[in-house]
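Engineer: below are the sequence and a predicted model for it; my questions follow.
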Amino acid sequence: MNDTPDLKLRTARTIKWNAIDRISSQVLYAITGIVLARVLTQEDFGLVGATLVFQAFASLFVDSGFSYALIQRKNPTQVDYSTVLWFNIGIATLIYIVLWFCAPLIAWCFQNDPRIISLSRVMFISFIINATAIVQTNRLMKKMDVKMIAISNTIGLIISGIVGITLALTGYGAWAIVWQTITLALIKSLILWLTSHWLPSMTFSLKALKSFFNVGSGMMITSFLNTLFQNIYAFFIGNRVGLVSLGYYTQSDKWSKMGIMSISQILTSSFLPVLSQVQDDPDRFSRTTAKMNRFTAYILFPAIGFLIIMSTPIFHLLFGTKWDPSIILFQLLLVRGIFTVLNSLYNNYIISLGKARLVVYMELIRDGVSLIALFATIPFVAITLPDDPVYGVKILLWGQVIASAICWIATMCVTAPLSNRTILNYIVDLIPYLIQVTIIVIPMHLLSYIVDNALLLLISQSITGISIYIFINHLLHSQIQKDAIDYFMHRFKKQR
């Protein structure tokens, strides 16, 4: 992704381990999720979804955006790391106490269901545990040594999956998801502390904390606004339509995020350290962002496009027809996710240049457009039909897809000049891969009229899509594809 061989190798290794992390995590997460989706009810998922709305905001205040500041800073000190760690733990404890007393109010927001009170009070313990691992994770990311992060996630998912499945099969309902979440947080944090070979100093520096404020506060505001508009839909669905419809939405949102967040996190955690090292060289920064744009497009468009086409056989194979109303919601969330990943990529460019406040302004624009779309569609969200219990929810999500597309254009217009490139350059980076996927999904869709079995359809669509995509890029002499294949072939030969 850049001109320095050593940095290029470390970048490739980071991407490799981030990819291993996300793929293994998603496989394990999927296995657990499939079992839970078959055993638990839509209402069980709705109950947990109600608590997750508030947990998402609490987690933001715990981190306060300082993790971005730690990665963005070239040489953070022991005092810097220690200060952020103690700050995270202190804020996490304070927020948990507040939320413990607010649990009855949370239940009132979701049709006053008393089960939410005890569920939320236990579920919120997980973000305190997660707070203890933020700095440990960031130190490894800063060094571009993410191997142990991948291992801790994998072991945590295996153990927590066993806990969740066991509780679900023995009749614990929504509590199975709660204890699965807490177990996962505990195992991951414990492994990172035991293997990181780093201990904090018993120091807390206000000066160090203030030094992170410019980037940290900007990213906290940005993350807060982003999280607000990621979770506000669940709030309105649960509040206006009920926990069953919220369960359908929660399932579609969870499974779509498995793809969207995997791609986004792999690229975000892999690219930001690289960008911070070339931020002072405009030419290298421009070349690096160009390669990152094309690499992202090469991965993003086929991944999302193929998932959209294969969504029905995926759901039927995994869940039968129990969650069919979630399929269209899943597809709409994937479309919106394309713009989410691209905006996240562009935000990395801005953050690496130390212009975090600009990210806040862009987030305000994005949220303003999303808010307009929300107000325009919220009157329809409670509409249900006899054969379509999520009719109104679909209208809500269509509004958000359109809003996300508008926001992507606005963000690109701001980001391109900062990276010494034009808007046309950015579009040209994306177009070849978008056109390829648009053409390839046609034969993939036609297979659904020929193959009835869900497993056979999924296999045939996957083979068709991937084969044609790789073949086309081979014919076009794609440098991005060549670099990716050469790297993995080199690693395979080395391991042999």
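Structural biologist: Nice, I can see it. Numbers count the residues shown, from 1 in each chain.

Engineer: neighbours of the closest residue to Ile177 other than its chain neighbours, just the number please.
Structural biologist: Distances taken as C-beta to C-beta, 6 or more residues apart in numbering put Val48 closest to Ile177, at 4.7 Å, once the chain neighbours are dropped. Just so you know, the C-beta spots here come from the backbone N, C-alpha and C atoms, and that holds for glycine as well. When counting by other C-beta atoms under 10 Å, one arrives at 28 neighbours for Val48.

Engineer: and Val48, how far from Trp255?
Structural biologist: To Trp255, Val48 is 15 Å away according to C-beta to C-beta, to the nearest Å.

Engineer: what does Leu476 give?
Structural biologist: Per C-beta to C-beta, Leu476 is found 32 Å from Trp255.

Engineer: quick check: buried residues in the one helix or strand Leu446 maps to?
Structural biologist: Using DSSP states H and E, Leu446 sits in helix 423-446. Neighbour-count burial for helix 423-446, counted by 16 or more other C-beta atoms under 10 Å, picks out Tyr426, Asp429, Leu430, Pro432, Tyr433, Leu434, Gln436, Val437, Ile440, Val441, Met444.

Engineer: please apply the same query to stretch 79-95.
Structural biologist: 79-89, 91-92, 95.

Engineer: grab the longest helix from the chain for me.
Structural biologist: Identified as the longest helix of the chain according to DSSP state H is helix 282-319.

Engineer: quick one: mean pLDDT for that one?
Structural biologist: Averaging pLDDT along helix 282-319 gives 88.

Engineer: just stretch 351-368 next, same as before
Structural biologist: Regarding stretch 351-368, the rounded mean pLDDT is 78.

Engineer: same check, this time on stretch 141-152
Structural biologist: Stretch 141-152 shows a mean pLDDT of 74.

Engineer: distance check, the most centrally placed residue in the chain against Gly156.
Structural biologist: Closest residue to the average C-alpha location of the chain: Met261 at 2.3 Å, with C-alpha atoms, centre = their mean. To Gly156, Met261 is 16 Å away according to C-beta to C-beta.

Engineer: again with Ala50
Structural biologist: On the measure of C-beta to C-beta, Ala50 and Gly156 end up 24 Å apart.

Engineer: what about these two, which has more around it?
Structural biologist: Ala50 (28 against 22).

Engineer: ok, the more buried one - contacts?
Structural biologist: Ile106, Cys109, Phe110, Asp113, Ile116, Ser120, Ala234, Gly238, Leu243, Leu246 (C-beta atoms under 8 Å, 6 or more residues apart in numbering).

Engineer: hmm, try it at 6 Å
Structural biologist: Counting by C-beta atoms under 6 Å, 6 or more residues apart in numbering, Ala50 makes contact with Phe110, Ile116, Gly238.

Engineer: what is the neighbour count of Tyr298?
Structural biologist: Using other C-beta under 10 Å, Tyr298 has 22 other residues around it.

Engineer: show the contacting residues for it.
Structural biologist: Per C-beta under 6 Å, 6+ apart, neighbours of Tyr298: Tyr433, Ile480.

Engineer: how about a cut-off of 10 Å?
Structural biologist: Tyr298 sits next to Asp429, Leu430, Pro432, Tyr433, Gln436, Tyr469, Asn473, Ser478, Ile480, Gln481, Asp483, Ala484 when contact means C-beta atoms under 10 Å, 6 or more residues apart in numbering.

Engineer: now secondary structure, pLDDT and neighbour count too, for the contacts of Ala50, in CSV please.
Structural biologist: As requested, the contacts of Ala50 are exported to CSV (DSSP: H, G, I helix; E, B strand; the rest coil; pLDDT from 0 to 100; neighbours: other C-beta atoms under 10 Å):
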residue, secondary structure, pLDDT, neighbour count
Phe110, coil, 79, 23
Ile116, helix, 88, 27
Gly238, helix, 70, 26
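
Engineer: which single one of these is nearest to Pro325?
Structural biologist: Gly238 (15.4 Å; C-beta to C-beta).

Engineer: from Gly46, how far out is that closest one?
Structural biologist: Plainly put, Gly238 is 6 Å away from Gly46 if you go by C-beta to C-beta.

Engineer: joint contacts of these two?
Structural biologist: Going by C-beta under 10 Å, 6+ apart, residues that sit against Gly238 and also against Gly46 are Phe110, Asp113, Ile116, Val244, Ser245, Leu246, Gly247, Tyr249, Thr250.

Engineer: hang on, the first one packs against Gly247?
Structural biologist: Spelled out, that is Phe110. No - using C-beta atoms under 10 Å, Phe110 makes no contact with Gly247, being 11.9 Å away.

Engineer: intersection of neighbour lists for these two?
Structural biologist: Counting by C-beta under 10 Å, 6+ apart, the common neighbours of Phe110 and Gly247 are Gly46, Leu47, Gly49, Ile237, Gly238.

Engineer: quick one on the thing from earlier: read off the pLDDT value for the residue nearest to Ile177.
Structural biologist: At Val48, the pLDDT value in this model is 82.

Engineer: got it, and Phe57?
Structural biologist: Note on Phe57: pLDDT of 64.

Engineer: and for the one 4 residues further on?
Structural biologist: At Phe61, the model reports a pLDDT of 58.

Engineer: reduced to three states, what does the closest residue in space to Gly242 that isn't next to it in sequence come out as?
Structural biologist: Closest residue to Gly242 apart from its sequence neighbours, by C-beta to C-beta, 6+ apart: Gln111 at 6.7 Å. Judged by DSSP: H, G, I helix; E, B strand; the rest coil, the three-state class of Gln111 is coil.

Engineer: ok, back up a step: from what I can see the residue nearest to the centre of the chain touches Gln26, true?
Structural biologist: Yes - with contact defined as C-beta under 10 Å, Met261 reaches Gln26; the gap is 9.2 Å.

Engineer: so what's the residue count around Leu455?
Structural biologist: By the criterion of other C-beta under 10 Å, Leu455 has 11 neighbours.

Engineer: check which helices and strands whichever helix or strand it is part of sits against.
Structural biologist: According to DSSP H and E, Leu455 maps onto helix 454-475. Secondary-structure packing of helix 454-475 (3 or more C-beta pairs under 10 Å, 6 or more residues apart in numbering; DSSP states H and E): helix 282-319, helix 423-446, helix 479-495.

Engineer: what helices or strands is the second one leaning on?
Structural biologist: Contact here means 3+ C-beta pairs under 10 Å, 6+ apart; on that basis helix 423-446 packs against helix 282-319, helix 325-352, helix 391-418, helix 454-475.

Engineer: looking at those, which is buried most?
Structural biologist: With neighbours defined as mean count of other C-beta atoms under 10 Å, these peak in mean count at helix 325-352, which reaches a mean of 23.

Engineer: and that helix with helix 391-418, angle?
Structural biologist: Orientation of helix 325-352 against helix 391-418 (axes from the mean of the first three to the mean of the last three C-alpha atoms, to 10 degrees) gives an angle of 20 degrees.

Engineer: ok and helix 325-352 relative to helix 423-446, angle-wise?
Structural biologist: Angle, helix 325-352 to helix 423-446, by the same axes, to 10 degrees: 160 degrees.

Engineer: list the buried residues of the next helix or strand after helix 325-352.
Structural biologist: Proceeding N to C from helix 325-352, the next assigned helix or strand is helix 356-377, under DSSP H and E. Buried residues in helix 356-377, counting neighbours by 16+ other C-beta under 10 Å, are found at 356-360, 362-363, 366-367, 369-370, 373-374, 377.

Engineer: got any ranges where the stretch 101-250 of the chain has weak pLDDT?
Structural biologist: Scanning the stretch 101-250 of the chain with the threshold set as pLDDT under 70 gives 142-145, 209, 211-231, 239.

Engineer: by contact count, what packs against the helix or strand containing Cys102?
Structural biologist: Taking DSSP H and E as the definition, Cys102 sits inside helix 78-109. With contacts defined as 3+ C-beta pairs under 10 Å, 6+ apart, the packing partners of helix 78-109 are helix 42-63, helix 66-72, helix 115-123, helix 125-131, helix 134-142, helix 206-211, helix 213-240.
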